[in-house]
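**Q** with the input below, show me the fold.
(chains A and B)
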Amino acid sequence: MSLWRLIGREMLFRKAGFLAAVLCVTMAIACLVGAVLLLRGHEQRTEQLLADRERQTRQEMQAMEDDYRLIMRDLGYNVMILHADQCLTALRVQGHPDHTMPQQHAHDLGQGGIETLNHLLPVLQKQIHWPERDTAIILAGTPGQVPVAHRTQFLTGDGSAYRNPIRPRIAPGTVELGHALARQFELEVGDELTLHGERFTVARVHASQGDAEDVMLWCDLDTAQRLLGLPGRINVIFALECTCPDTGVEAIQADVTRLLPATQVLEFSSRVTARRLARQRAAEAHQTALAGEIEHRQAVASERRALAMVLVPLVLAGSALWVFFLVLGNVRARQGEIGILRAVGVSEPRLVTMFLVKAMAIGAIGAVVGYGVGVTAAAWLGQGGGVDLALLGAALFVAVTLSALAALGPAMWAAAVDPASILRET
Amino acid sequence: MNMALEIDRLAKSYHRSGERLAVLREVSCRIEPGRFVVIHGPSGSGKSTLLLVAGGLLQPDNGAVSVAGHDLYTMSPEQRCRFRGRHVGFVFQRFHLIPYLSVLENVLTPTLAIPAPAARARAERLIEKVGLAGRIEHRPAELSAGECQRVALCRAMLHNPALVLADEPTGNLDEHHAAVIIAHLREHARRGAAVVLATHDSRITGDASLRLSGGRLEPTPAAMIGTAI
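**A** Here you go, the predicted model:
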């Protein structure tokens, strides 16, 4: 006859009390497991939601970047790189710079790893007299855009040119006319004209800009340098500010002078600046909204956690109290049995063990069933998940420990009961 | 030769409602192995108390109790518990069978304290001997009072104790079943154990008969093999 057999038989004999105790532990563990899974699920959902939001924000920002890049490109260049000694007043008055610099500067920028600029356009501009038409014009020559070598995503396969340049290359023997100039001399695309004895075909007439551009005559750089007697020289490099987050005129200035010390940078398009700022504002708004969402969900999680921290211990304590009274009732119902067991020589520690083992068995069964109920309830509430052995182990530990502690008092009482008084009275 | 039971100037009193009630006063007796001793006395005379003290279940106020030469109350509670399980058998008026165990399992309950390899075979022999071989898997609720007492008797005798203490074992039984129980107890005594039976039934007699009255043990005119000193 073993103690285990005795415990097993007794549990089967007093099924109602046993099942009531198991039910009690089951409910408590189900609450514990359910609370843990729901909190965990909420945190996972929060993380997922925030990850989705962040991804969405990134996508929107990326789309906005692309939009602004295209918009800015369509708006044209917004940065001028001039010789360091260029007087800006003179520039405003004349409509073009008067200090020249080596044509090589543009290539130095393109190959030097400039980060803040793109679409470099070296230009030589100078006001001249057009003897054949007897008028003053600004002659502008450009070799076309110089590639920024590391921005391969915008370049052709061999990296020698832009796939979509802001200003296409001007073929030798052709010119492009500002709007005012074309209208004044009634020139159209395909017409021929003579400049300083050389014949050119009109390849393009620019739209009206309302500034010095309207009286410009554009040709390729070699022609301009030859006509102006300035071989190998340019006097401005137009560029497009990149859409990177921290780009500003100071950053561009620093970036450019790192490569070309004897230059200055002028940002001249306020519309582009405004849009860049708007873009930054939009990004900040996204970040603020995201932070608000994080804060809100953290607050909800914190409230739930606080509630669980109160409810779960209460349920566990209630369960322990219930187990305590059930074991106490069990001890009272088994007084005669305790008396005879003491009479046949069963020791006090063995009696305590008998009640504790039963309580621990109740705890273990309640833990397993409670875990199942908790997981099912959580799944029903949309917080499904596989078997979490760590959580099951924790539930077992809590339930078994709690049941044993709850049963300890009644078990000690059972062992301390005077068998003589029981056997005499019953 | 060691006495199976030796009681020396035993005193025991209870305190109820602030009053001290002396149940046993200077009780002394010696019982040799193999004797069947009957203690007579009216209800409330202290017979049960005497048996509980004699079996090591109830600490006396004064005096000493030795079973098979071992002084019970100089032992630690744990030692006394084990000694009782090995050397003392109890039979009670109300049987005290465990309701959810079968006849065989009830007889084997002493092995919870003192495991014995051959206990099962001995239990089956004892059950067969008391005529319950066909009821071995039955539970107490399925047995008559006489059968229950026979099961209790087998339980008391499982470890072949040197001393069997029977407290009104026939109190709930009819004459036939009472006679059967008494016969089994006598048989156990014949095999060398001392059997002390407490009863208010004056028709039951043993090798010696003692009377507990006024908290004192007095010899009756019967044979004095069990001796009240």
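**Q** immediately after the one helix or strand residue A:16 maps to, which helix or strand?
**A** Using DSSP states H and E, residue A:16 sits within helix A:15-75. Downstream of helix A:15-75, the first helix or strand assigned by DSSP H and E is strand A:79-83.
**Q** show me where chain B has strands.
**A** B:5-16, B:19-31, B:36-40, B:62-67, B:70-71, B:88-92, B:163-167, B:194-199, B:208-213, B:216-224, B:227-228 (DSSP state E).
**Q** could you do the stretch 151-300 of chain A as well?
**A** A:174-177, A:192-195, A:198-205, A:216-220, A:233-234, A:236-241, A:263-267 (DSSP state E, counting those that start in this stretch).
**Q** if we can go back for a sec, for the helix holding residue A:16, packing partners?
**A** In terms of contacts (3 or more Cβ pairs under 8 Å, 6 or more residues apart in numbering or on different chains; DSSP states H and E), helix A:15-75 is packed against strand A:236-241, helix A:270-333, helix A:348-380, helix A:389-416. The C-beta positions use only the backbone N, C-alpha and C, and glycine is treated the same way.
**Q** now with 10 Å?
**A** Packing partners of helix A:15-75 (3 or more Cβ pairs under 10 Å, 6 or more residues apart in numbering or on different chains; DSSP states H and E): helix A:3-13, strand A:117-130, strand A:236-241, helix A:270-333, helix A:348-380, helix A:389-416.
**Q** I'd like the mean pLDDT over the fifth one, please.
**A** Read that as helix A:348-380. Mean pLDDT, helix A:348-380: 91.
**Q** quick one: buried residues of it?
**A** Of all the residues in helix A:348-380, those buried under the rule 16 or more other Cβ atoms under 10 Å in any protein chain shown are A:348, A:350-375, A:377-378.
**Q** any residue of that helix up close to chain B?
**A** Yes - remark: helix A:348-380 sits within contact range of chain B at A:348-351, A:354, by Cβ under 10 Å from any Cβ of the partner chain.
**Q** what sits closest to the closest residue to chain A within chain B if chain neighbours are left out?
**A** Per Cβ to the nearest Cβ, the residue of chain B with the smallest distance to chain A is residue B:85, at 1.8 Å. Nearest residue to residue B:85, sequence neighbours excluded (Cβ to Cβ, 6 or more residues apart in numbering or on different chains): residue A:345, at 1.8 Å.
**Q** contacting residues around that neighbour?
**A** The contact partners of residue A:345, by Cβ atoms under 10 Å, 6 or more residues apart in numbering or on different chains, come to B:56, B:80-88, B:109-114, B:159.
**Q** so the residue of the stretch 301-426 of chain A found nearest chain B, which of the three states?
**A** Going by Cβ to the nearest Cβ, chain B is nearest to residue A:345 of the stretch 301-426 of chain A, at 1.8 Å. Residue A:345 carries the three-state label coil when classified by DSSP: H, G, I helix; E, B strand; the rest coil.
**Q** tell me the spacing between it and residue B:159.
**A** For residue A:345, the distance to residue B:159 equals 9 Å [Cβ to Cβ, to the nearest Å].
**Q** do residue A:179 as well
**A** Taking Cβ to Cβ, one finds residue A:179 at 124 Å from residue B:159.
**Q** tell me which of those two has more neighbours.
**A** residue B:159 (21 against 17; other Cβ atoms under 10 Å in any protein chain shown).
**Q** tell me the contacts of that one?
**A** Here residue B:159 is in contact with A:344-345, B:85-89, B:110-111, B:113-114, B:116, B:119, B:122 (Cβ under 10 Å, 6+ apart).
**Q** got a list of what the closest residue to residue B:91 other than its chain neighbours touches?
**A** In this structure, residue B:91 finds its nearest non-sequential neighbour in residue B:166, 4.0 Å apart by Cβ to Cβ, 6+ apart. Listed by Cβ under 10 Å, 6+ apart, the contact set of residue B:166 reads B:36, B:38-39, B:51, B:89-93, B:149, B:152-153, B:156, B:181-182, B:185, B:188, B:195-199.
**Q** again, 8 Å this time
**A** B:51, B:90-91, B:156, B:185, B:195-198 (Cβ atoms under 8 Å, 6 or more residues apart in numbering or on different chains).
**Q** who does it bridge with?
**A** residue B:91, residue B:197 (DSSP bridges).
**Q** find me the pLDDT at it, would you?
**A** Residue B:166 is given a pLDDT of 93.
**Q** buried residues of the longest helix that chain B contains, list them for me.
**A** In chain B, with assignment by DSSP state H, the single longest helix is helix B:175-190. Using 16+ other Cβ under 10 Å as the test for burial, helix B:175-190 gives B:177-178, B:180-182, B:184-185, B:188-189.
**Q** what two of these are the furthest from one another?
**A** The largest distance within these, taken as Cβ to Cβ, falls between B:177 and B:189 and amounts to 19.0 Å.
**Q** who's in contact with stretch A:15-30?
**A** Outside of stretch A:15-30, the residues within contact range by Cβ under 8 Å, 6+ apart are A:11-12, A:315-316, A:318-319, A:322-323, A:326-327, A:329-330, A:333, A:359, A:362-363, A:365-367, A:369-371, A:373-374, A:377, A:395, A:398-399, A:402-403.
**Q** buried stuff in that stretch?
**A** Within stretch A:15-30, judged by 16+ other Cβ under 10 Å, the buried ones are A:17-18, A:20-30.
**Q** pipe those residues into CSV and attach pLDDT per row.
**A** Formatted as CSV, the buried residues of stretch A:15-30 follow (pLDDT from 0 to 100):
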residue, pLDDT
A:17, 89
A:18, 91
A:20, 91
A:21, 90
A:22, 92
A:23, 92
A:24, 90
A:25, 91
A:26, 93
A:27, 91
A:28, 89
A:29, 91
A:30, 90
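**Q** list the contacts of the residue nearest in space to the middle of chain A.
**A** Centroid check for chain A by Cα atoms, centre = their mean gives residue A:54 as the closest residue, at 4.0 Å. Counting by Cβ under 8 Å, 6+ apart, residue A:54 touches residue A:290.
**Q** just the CA coordinates for stretch A:103-115, please, in CSV.
**A** What follows is stretch A:103-115, C-alpha atoms only, in CSV (Å, rounded to 0.1, in the frame of the first residue of the first chain):
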residue,chain,number,x,y,z
GLN,A,103,36.0,74.8,-66.8
GLN,A,104,37.7,71.9,-64.9
HIS,A,105,35.9,73.0,-61.7
ALA,A,106,32.7,71.3,-62.8
HIS,A,107,34.5,68.0,-63.4
ASP,A,108,36.2,68.3,-60.0
LEU,A,109,32.9,68.7,-58.4
GLY,A,110,31.4,65.8,-60.3
GLN,A,111,34.3,63.4,-59.6
GLY,A,112,35.0,64.7,-56.0
GLY,A,113,32.0,63.1,-54.4
ILE,A,114,29.8,66.2,-53.9
GLU,A,115,26.9,65.1,-51.7
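**Q** just how off-centre is it within its chain?
**A** 34 Å (Cα atoms, centre = their mean, to the nearest Å).
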